[in-house]
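Chemist: have a look at this fold, sequence not included:
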Ligand code: JFZ
């Protein structure tokens, strides 16, 4: 018989072991560091990189107020005020076919849409809470379901933006940097919010909409030090749909379980926005998001539209930095897309029908991007995108392979070049009127 003292020691040792196991089970962060993406996930990442250009859509009950998706916070509204808003959201002009057709006409290969933003309002049929479009609006239908079905029909990949930050749910507590007094109680169960509410809704999004491209997370920056149960949520997503990519907009170095590194309003490695990380993954696909005017959600006072040429340059620069471009529009509350957006996107699409080969399916090329332009590469071809160069000769640093031919992409005319150990000199054809990007295609000797 062990003495009482010994049994206390033995019991405490056992308790420590049990506690340690429990801690590991609850926070398998260390176990996730050896996260190995499945082969189908890796394939989905390559397909993601091939797509290059996507449509970002911010659309929710906030669109009614025409003042951006942060209106609840910016105007410091009370929840019992904001709760009146869904009654006015009735997008009778919403037509999934038109939206998907516009994305296609723009040359976009995927759509990422807000399934819910920071107001926590689910734009889909959710059983987890009645704070959703089907139960709170006169529309009563699920537009994400219609969009998913239409995307499947038209061969466009659909991703769901999902805000981890929630200005509405009382269990989002303790609140974070964007906290204000909107009438919520000063208590709440954050674990329940994550495990039951958020994971419950993610399960719905990954179960009820057929194969989806992935989840675009946003809002963790509101509580950077909180335990967001990421390993658990990420494992749930990959288990339900191994090809669904996890794209977190947390502005940090990627963590295990994440499939894409995304940058907001900056190209990878830039930080003009002030909140992006300089770290650029060499393993993960990259994405850069921006918006066609200065807002994400519909803002009636914003007509600062980017021109088609601005967008084309941005897309080319993204591709040359080995990145996708996710370009946003904020539709009207009635479901229509402002013609100001539509006409610009169609112009970009027309441009891409000529230049798409130098973008889709490429990776960042061997020459570092510069003021003059960028390069992209596919198989044995390098596309030299001359964006900003008025002189007749362009000198590039050495390229490892032997260049056996060079021609101008628009007219196929051959381009003179000299290659030696110092580098490659191209005789750049003069820019044609309104030519945004002079693409010179280099053909490399095979097997080099
Ligand atoms: C976030 C959202 O807040 C915004 O509404 C939009 O959805 C955009 C795509 O993503 O934007 C952010 C995120 C973080 C910061 C600023 C804007 N930040 O950390 O300063």
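Modeler: Good, I have the coordinates. Please read all numbers here as calculations on a predicted model, not as lab measurements.
Chemist: so what's the residue count around the residue of the stretch 1-150 of the chain found nearest the ligand?
Modeler: Using CB to the nearest ligand atom, the closest approach of the stretch 1-150 of the chain to the ligand is made by residue 69 at 4.9 Å. For every residue, glycine as well, the C-beta is placed using N, CA and C. Counted by other CB atoms under 10 Å, the residues lying close to residue 69 total 25.
Chemist: next one: residue 392
Modeler: Neighbours of residue 392 (other CB under 10 Å): 10.
Chemist: what sits against it?
Modeler: When contacts are counted by CB atoms under 8 Å, 6 or more residues apart in numbering, residue 392 is found next to 427, 428, 430.
Chemist: again, only this time at 6 Å
Modeler: For residue 392, no contacting residues are found, by CB atoms under 6 Å, 6 or more residues apart in numbering.
Chemist: again, but for residue 194
Modeler: With CB under 6 Å, 6+ apart, residue 194 has these contacts: residue 229.
Chemist: doesn't it lie inside a strand?
Modeler: No. Residue 194 sits outside any strand when classified using DSSP: H, G, I helix; E, B strand; the rest coil, being helix.
Chemist: tell me the pLDDT at it?
Modeler: Looking at residue 194, its pLDDT is 98.
Chemist: adjust the sequence numbering to begin at 53 for everything that follows.
Modeler: Sounds good: first residue 53 from here, last item residue 246.
Chemist: regarding residue 494, what is its secondary structure?
Modeler: strand.
Chemist: identify the spatial nearest neighbour of it, chain neighbours not counted.
Modeler: Leaving aside its sequence neighbours, residue 494 sits nearest to residue 434 (CB to CB, 6 or more residues apart in numbering; 4.2 Å).
Chemist: that neighbour contacts residue 415, correct?
Modeler: No. Judged on CB atoms under 6 Å, residue 434 makes no contact with residue 415 at a distance of 10.7 Å.
Chemist: among these two, which residue is more densely surrounded?
Modeler: residue 434 (25 against 16).
Chemist: now do the contacts for the more buried one.
Modeler: Per CB under 6 Å, 6+ apart, neighbours of residue 434: 417, 427, 494.
Chemist: let me have those in CSV, adding distance to the ligand as columns.
Modeler: As requested, the contacts of residue 434 are exported to CSV (distance: CB to the nearest ligand atom, whole Å):
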residue, distance to the ligand
417, 28
427, 28
494, 36
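Chemist: quick one: buried ones out of these?
Modeler: 417, 427, 494 (16 or more other CB atoms under 10 Å).
Chemist: three-state assignment of the second one?
Modeler: In the three-state summary, residue 427 is assigned as strand, counting by three-state DSSP.
Chemist: pLDDT at the closest residue to it other than its chain neighbours, what is it?
Modeler: Of all residues not flanking residue 427 in the chain, residue 417 sits nearest, at 2.8 Å (CB to CB, 6+ apart). In the predicted model, residue 417 carries a pLDDT score of 97.
Chemist: up against the ligand, what does the stretch 153-302 of the chain have?
Modeler: 270, 273, 301 (CB under 6 Å from any ligand atom).
Chemist: from those, which is closest to residue 385?
Modeler: residue 270 (21.3 Å; CB to CB).
Chemist: need phi/psi at that closest one.
Modeler: phi -150, psi 150 (degrees, to the nearest 10).
Chemist: next: residue 212.
Modeler: phi -110, psi 120.
Chemist: number of nearby residues for the closest residue to it other than its chain neighbours?
Modeler: Setting aside the residues directly before and after it, residue 212 is nearest to residue 167 in space (CB to CB, 6+ apart), at 4.1 Å. Number of residues near residue 167 (other CB under 10 Å) recorded here: 25.
Chemist: which strands and helices sit next to whichever strand or helix holds residue 167?
Modeler: Assigned by DSSP states H and E, residue 167 belongs to strand 162-168. Strand 162-168 sits against strand 105-109, strand 209-215, with contacts defined as 3 or more CB pairs under 6 Å, 6 or more residues apart in numbering; DSSP states H and E.
Chemist: which helices and strands does the longest one pack with?
Modeler: The one in question is strand 209-215. Going by 3+ CB pairs under 6 Å, 6+ apart, strand 209-215 lies up against strand 162-168, strand 266-270.
Chemist: one step back: could the residues of the stretch 153-302 of the chain next to the ligand go into TSV alongside pLDDT?
Modeler: Shown next, in TSV, are these (pLDDT from 0 to 100):
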residue	pLDDT
270	98
273	96
301	93
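Chemist: contacts for stretch 267-284?
Modeler: 80-81, 84, 164, 211-217, 228-230, 246, 289, 298-302.
Chemist: ranges for the helices of the stretch 203-352 of the chain?
Modeler: 242-244, 251-259, 282-292 (DSSP state H, counting those that start in this stretch).
Chemist: can you say which of those helices is nearest to residue 89?
Modeler: Per CB to CB, nearest to residue 89 of the helices of the stretch 203-352 of the chain: helix 282-292, 8.0 Å.
Chemist: pLDDT averaged over the closest one - what is it?
Modeler: 97.
Chemist: try stretch 228-242
Modeler: Here the average pLDDT along stretch 228-242 is 98.
Chemist: tell me the contacts of the residue nearest to residue 212?
Modeler: So, once contact is read as CB under 6 Å, 6+ apart, residue 167 ends up touching 175, 176, 212, 214, 257.
Chemist: make it 7 Å
Modeler: 174, 175, 176, 196, 212, 213, 214, 257 (CB atoms under 7 Å, 6 or more residues apart in numbering).
Chemist: can the residues you listed go into JSON lines with extra columns for neighbour count and pLDDT?
Modeler: Output for the contacts of residue 167, formatted as JSON lines (neighbours: other CB atoms under 10 Å; pLDDT from 0 to 100):
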{"residue": "174", "neighbour count": "26", "pLDDT": "99"}
{"residue": "175", "neighbour count": "26", "pLDDT": "99"}
{"residue": "176", "neighbour count": "22", "pLDDT": "99"}
{"residue": "196", "neighbour count": "23", "pLDDT": "98"}
{"residue": "212", "neighbour count": "26", "pLDDT": "99"}
{"residue": "213", "neighbour count": "24", "pLDDT": "98"}
{"residue": "214", "neighbour count": "20", "pLDDT": "98"}
{"residue": "257", "neighbour count": "23", "pLDDT": "98"}
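Chemist: where exactly do the strands run in the stretch 203-352 of the chain?
Modeler: 209-215, 266-270, 297-300, 313-316, 338-343 (DSSP state E, counting those that start in this stretch).
Chemist: which residues are contacting the third one?
Modeler: Contacts of strand 297-300 with the rest of the structure, by CB under 7 Å, 6+ apart, involve 96-97, 100, 265-269, 272, 286, 289, 309-312, 314, 339.
Chemist: if we go to 6 Å?
Modeler: In contact with strand 297-300 (CB under 6 Å, 6+ apart) are residues 96, 100, 266, 267, 268, 269, 286, 289, 310, 311, 312, 314.
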